[in-house]
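J.: Quick check, what structure comes out for this input:
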Amino acid sequence: MSGHRVDDARPGPSRTPDCGAPARYSASGDGLLSYLLTGTFEGNSMRTNFVKCSIGFLVAALSVLLATGPASATEAGWRPFDVPAQNSSKVPIHVVLFYPTQDSARSIPMGPFTPTVAINGKPDATVKGLIVLSHGTGGAELNHTGLAEALAKNGYLVAAIKHPGDNWQDQSLFSGPGGYYFSERPRQASQVIDAILSDPEWKPRISVDARGPRVGAVGHSAGGYTVLALAGGVPDPMRIVRHCKTDSDDPVFCSMGRRVTNSGAEKVSFEGMRDSRVRAVAALAPMGVVFTSQSLATIGIPTTIYAGDKDTFLVPRYHAEWVRQNVVKADYHAIQNAGHYAFTDTPSMPIPSPDGDLRANPEGFDRAAFLKQLATALNQFFDRALQ
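T.: Modelled structure (predicted):
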């Protein structure tokens, strides 16, 4: 089921879902993976309970009144922000904003993630800049809440995008013309930047200098592709075809990459994807093999790249290292003993993926400690690059 609306659910006394045992939704593995990656469950009762529980979590979160007075330190505010459908888009872009606030924050379960935020907290008068956050394939706007909170506490406005057509409920971008996936993701990010920089509440708060508003971007996996495209990288889908014919040791990516290269013969234009307002990008375990070397060489803004050396979803030597080899100003960080999902928050329930359970870590890897280090490093990176 895709695009389920809150008002579609009609819970009654006899229809109370069992939300107390989240592991039940992944007992078979395939059912939850199907829903997260394609938006459909194999079982109707499982689908109904999962949606009702998710709605219940969200309604509870949005109804919390944080009236305990100002906090002693800056916290992360949280509120939804929708960008109306434009041009080729058929649906609005749903965004979650994290921002600095002096209001108190609480830990609030939202499905498999638990951000610590001040729902609708009063924003600080100014923010250091705008950071666009792009999730990976089949992901969600809450996949990187820890990072978003840390950036917000450091003074940034973070716009965490739920990419239309490529999220846990909707995979329709894969059914578009060949290459459409690669053109739409960065354009969606630019539309979010357009909307926030023209919003009467947020525009006056974002720091500006002689070059204009301070804007950066961070993304994971396909989100890493997205932010590199904003920086000037240009895809060539035929590189995926050639790569997957000659290199047999990138099987997870190639099994998914065929979906975006075999979806139609119509050519898609990749002109105009660079967004000159974006001054710095951080690519976490990026999908990189699709980029041409010539386009990567034109990227002149500060760029930092992270890769886990045990990533079997996007094998670094074909993806992150390809970007490193061709982006002159890129900093590169090889994270020992880290898998593909080392860069995402740890969900509270098992979530199977083509690269294993999102909660799983290689033996000895401390994801919580690493994510704290990553948040500190990226705050320092954007402070240097945008100030």
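J.: What ranges does the stretch 251-387 of the chain have for its helices?
T.: 251-261, 293-297, 320-326, 367-386 (DSSP state H, counting those that start in this stretch).
J.: just so I know, which of those lies nearest residue 182?
T.: Of all the helices of the stretch 251-387 of the chain, helix 251-261 sits nearest to residue 182, with 7.0 Å by Cβ to Cβ. For every residue, glycine as well, the C-beta is placed using N, CA and C.
J.: Quick one: mean pLDDT for the closest one?
T.: Average pLDDT, helix 251-261: 77.
J.: got it, and stretch 224-239?
T.: Stretch 224-239 shows a mean pLDDT of 96.
J.: for it, which positions count as buried?
T.: Residues 224-237, 239 are the ones in stretch 224-239 that count as buried (16 or more other Cβ atoms under 10 Å).
J.: middle-most residue in the chain, spatially?
T.: Among the residues of the chain, the one closest to the centroid is residue 135, at 1.5 Å (Cα atoms, centre = their mean).
J.: if I look at that one, how far off is residue 151?
T.: 15 Å (Cβ to Cβ, to the nearest Å).
J.: Using CSV, write out the CA atom coordinates for stretch 373-382.
T.: Extracted C-alpha coordinates of stretch 373-382, given in CSV (Å, rounded to 0.1, in the frame of the first residue of the first chain):
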residue,chain,number,x,y,z
GLN,A,373,32.0,10.9,16.1
LEU,A,374,30.4,11.3,12.7
ALA,A,375,28.1,14.1,13.9
THR,A,376,31.0,16.0,15.5
ALA,A,377,33.1,15.6,12.3
LEU,A,378,30.3,16.8,10.0
ASN,A,379,29.5,19.7,12.2
GLN,A,380,33.1,20.7,12.0
PHE,A,381,33.1,20.2,8.3
PHE,A,382,30.1,22.4,7.6
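J.: Going by neighbour count, which residues in it are buried?
T.: 374-375, 378-379, 381-382.
J.: Next: stretch 324-333.
T.: By neighbour count with 16+ other Cβ under 10 Å, stretch 324-333 contains the buried residues 324, 326-327, 330, 332.
J.: In stretch 199-216, which residues are buried?
T.: When burial is assessed from 16+ other Cβ under 10 Å, stretch 199-216 yields the following buried residues: 202, 205-207, 213-216.
J.: Which of these sits closest to residue 103?
T.: Taking Cβ to Cβ as the measure, residue 205 is the one of the buried residues of stretch 199-216 closest to residue 103, at 15.6 Å.
J.: Next one: the closest one from residue 344, what distance?
T.: Residue 205 is 28 Å from residue 344, by Cβ to Cβ.
J.: Looks like the residue nearest to the centre of the chain contacts residue 148 (just checking).
T.: No: under the criterion of Cβ atoms under 8 Å, residue 135 makes no contact with residue 148, lying 10.8 Å away.
J.: got any residues that touch both of the two?
T.: residue 160 (Cβ atoms under 8 Å, 6 or more residues apart in numbering).
J.: which ones are touching residue 217?
T.: 131-134, 189, 226-227, 230-231, 278, 280-282.
J.: can you give me the angle the host helix or strand of residue 148 makes with helix 367-386?
T.: Per DSSP states H and E: residue 148 is located in helix 145-153. Interaxial angle of helix 145-153 relative to helix 367-386 (axes from the mean of the first three to the mean of the last three Cα atoms, to 10 degrees): 40 degrees.
J.: on contacts alone, who are the packing partners of whatever helix or strand comes next after helix 145-153?
T.: Counting by DSSP H and E, the element after helix 145-153 in chain order, helix or strand, is strand 157-162. Judged by 3 or more Cβ pairs under 8 Å, 6 or more residues apart in numbering; DSSP states H and E, the packing partners of strand 157-162 are strand 93-103, strand 130-134, helix 145-153, helix 180-197.
J.: Would you mind writing the CA trace of the second one as CSV?
T.: Going back to what we said before, that points to strand 130-134. Listed next in CSV are the C-alpha coordinates belonging to strand 130-134 (Å, rounded to 0.1, in the frame of the first residue of the first chain):
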residue,chain,number,x,y,z
LEU,A,130,20.5,25.3,5.7
ILE,A,131,21.6,21.6,5.4
VAL,A,132,19.6,19.4,3.1
LEU,A,133,19.6,15.7,4.2
SER,A,134,18.9,13.0,1.6
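J.: Next, the buried residues of that strand.
T.: Across strand 130-134, burial judged by 16+ other Cβ under 10 Å covers 130-134.
J.: So residue 82: helix, strand or coil?
T.: Of the three states, residue 82 takes strand according to DSSP: H, G, I helix; E, B strand; the rest coil.
J.: For the residue nearest to it when sequence neighbours are not counted, list the residues it contacts.
T.: In space, and not counting its chain neighbours, residue 82 is closest to residue 92: 4.8 Å by Cβ to Cβ, 6 or more residues apart in numbering. Residues in contact with residue 92 (Cβ under 8 Å, 6+ apart) are 82-85, 164.
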